[in-house]
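*Asks:* need a 3D model of the following:
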Amino acid sequence: MKIARHCSALLLALAASVALLPGAASAQTKLKMVLNWKYEGPQAWFFLAQDKGYFKAEGLDVSIDQGEGSAASIPKVASGAYDVGFGDMSALIDLAAKHPDNAPVATYMLYNVTPFVVAVKKDSPIKTLKDLEGRTVGGPTTDGALKLFPVVAKAAGVDPAKVKITNMAANLREQMLMRGQVDAAFGYTLTVTFAAKAMGIDPDKELRFIDYADYGIDSYSNALFFSKKLIQENPKAVAGFVRALNRAIKEVIADPDAGMEHVMKREPLLKRDVEKEKLVATYSRQMNHPEINKNGFGDVDDARLKRNIDLVVSAGGLNRTPTLEEVFDRRFLPPRSERPANF
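*Replies:* Alright, predicted model coming up:
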């Protein structure tokens, strides 16, 4: 019995010493992630996956930084500053056309409903995109709706030369619109809606939206993407991240209040009720395209993605059209049975 106890003690001591050695089996792959924007409700799944150890269970040590806009996260991953990002698919396509060797690749589609709009005040005489001629429209330089305006203008019979476009910081958009400093503003439906609410504005009573979708624009929005380097050198890490995120998304949708706990831990000054409303609106509206009934959440429809690529190439007057595989890689998706079918 004494010998057995002595052996057990030796084994425990040996295990402890091995765990302290460099390169021990417990070592995890470190990944840096950049978000689409400042901390907010619709990012709950990323924080839950981090806090509840879902990334860790996949052998990943993930750090998550705030972003500066859905388009701004793309070059940050392309430059090597980050391994993974969350941001605008059209911006990713644009970079893939211009710099195919460095552009990141999307692996999991989240915002699959076209979000692009022009926002106007409720009493504005602007009813259609054609009415923007002779008016001033504002938007951040990286805004997806602004970037696609030449394409939607063509579809709507609008002469872009007759529309004055002014750039502003994203956090000033709603303020400048309500003050009449611009006649209309480019943006994403939910972004403008909840920014207005944060200002004490009732968007249902004080704003109207002119949807790009009404003019035939059916683009994807924000996706999860990784650097080409990581995909090539460590595909296991990519698959593990996607698996952990998919697990967290299902959990947050089942219990958004639980998801909000992880958001508020990072930014206690947020208005919890507003951020929860934004979270629920995001997955029920922005992430609920009819195609997921067929493909499952996280995947894309190839024909629709091809139209999205062609749209970006046309809008930017680009000389090169990326292939589907250059912008989206579905190899890392969990099985169809493990991904949500609808919300």
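*Asks:* next, the buried residues of the strand or helix carrying residue 240.
*Replies:* Secondary structure from DSSP states H and E places residue 240 in helix 235-254. Of the residues in helix 235-254, those buried by neighbour count under the rule 16 or more other CB atoms under 10 Å are 237-249, 251-253. In this view, the C-beta of every residue, glycine as well, is placed from N, C-alpha and C.
*Asks:* next structured bit after that helix?
*Replies:* In N-to-C order, the element after helix 235-254 by DSSP H and E is helix 256-266.
*Asks:* rewinding a little: got the angle for the helix holding residue 240 vs helix 256-266?
*Replies:* Helix 235-254 runs at 120 degrees relative to helix 256-266, counting by axes from the mean of the first three to the mean of the last three CA atoms, to 10 degrees.
*Asks:* alpha carbons of helix 235-254, as PDB, please.
*Replies:* As requested, the backbone C-alpha atoms of helix 235-254 are provided in PDB (Å, rounded to 0.1, in the frame of the first residue of the first chain):
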ATOM      1  CA  PRO A 235      -7.200  24.400 -40.900                       C
ATOM      2  CA  LYS A 236      -7.900  22.600 -37.700                       C
ATOM      3  CA  ALA A 237      -7.900  25.900 -35.800                       C
ATOM      4  CA  VAL A 238     -10.300  27.400 -38.400                       C
ATOM      5  CA  ALA A 239     -12.700  24.400 -38.100                       C
ATOM      6  CA  GLY A 240     -12.600  24.500 -34.300                       C
ATOM      7  CA  PHE A 241     -13.400  28.200 -34.200                       C
ATOM      8  CA  VAL A 242     -16.300  27.800 -36.500                       C
ATOM      9  CA  ARG A 243     -17.600  24.900 -34.500                       C
ATOM     10  CA  ALA A 244     -17.400  26.800 -31.200                       C
ATOM     11  CA  LEU A 245     -19.100  29.800 -32.700                       C
ATOM     12  CA  ASN A 246     -21.900  27.700 -34.200                       C
ATOM     13  CA  ARG A 247     -22.500  26.200 -30.800                       C
ATOM     14  CA  ALA A 248     -22.600  29.600 -29.100                       C
ATOM     15  CA  ILE A 249     -25.000  31.100 -31.700                       C
ATOM     16  CA  LYS A 250     -27.500  28.300 -31.100                       C
ATOM     17  CA  GLU A 251     -27.200  28.800 -27.300                       C
ATOM     18  CA  VAL A 252     -27.700  32.600 -27.500                       C
ATOM     19  CA  ILE A 253     -30.700  32.300 -29.800                       C
ATOM     20  CA  ALA A 254     -32.300  29.800 -27.300                       C
END
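*Asks:* roughly how far is it from the heart of the chain?
*Replies:* 14 Å (CA atoms, centre = their mean, to the nearest Å).
*Asks:* so what touches that helix?
*Replies:* 29, 31, 44-46, 48-49, 52, 54-55, 57-60, 62, 84, 107-108, 110, 224, 226, 230-231, 258-259, 279, 283, 297-298, 331-334, 338-340, 343 (CB atoms under 8 Å, 6 or more residues apart in numbering).
*Asks:* I'd like the list of those residues that fall within helices, please.
*Replies:* 44-46, 48-49, 54-55, 57, 230-231, 258-259, 279 (DSSP state H).
*Asks:* just to revisit the earlier point, are any of the contacts of helix 235-254 buried, and which?
*Replies:* Buried among those (16+ other CB under 10 Å): 29, 31, 44-46, 48-49, 52, 54-55, 58-60, 62, 84, 107-108, 110, 224, 226, 230-231, 259, 279, 283, 297-298, 332-334, 339-340.
*Asks:* can you get me a residue count around residue 294?
*Replies:* Using other CB atoms under 10 Å as the criterion, residue 294 is surrounded by 10 other residues.
*Asks:* now whichever helix or strand it is part of: buried residues?
*Replies:* For residue 294, the element it lies in under DSSP H and E is helix 292-295. The neighbour-count check on helix 292-295 (16+ other CB under 10 Å) flags 292, 295 as buried.
*Asks:* mind saving the C-alpha coords of it as PDB?
*Replies:* Provided in PDB are the C-alpha atoms of helix 292-295 (Å, rounded to 0.1, in the frame of the first residue of the first chain):
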ATOM      1  CA  ILE A 292     -31.200  28.800 -44.800                       C
ATOM      2  CA  ASN A 293     -34.200  26.400 -44.800                       C
ATOM      3  CA  LYS A 294     -32.400  24.700 -47.600                       C
ATOM      4  CA  ASN A 295     -28.700  25.200 -46.900                       C
END
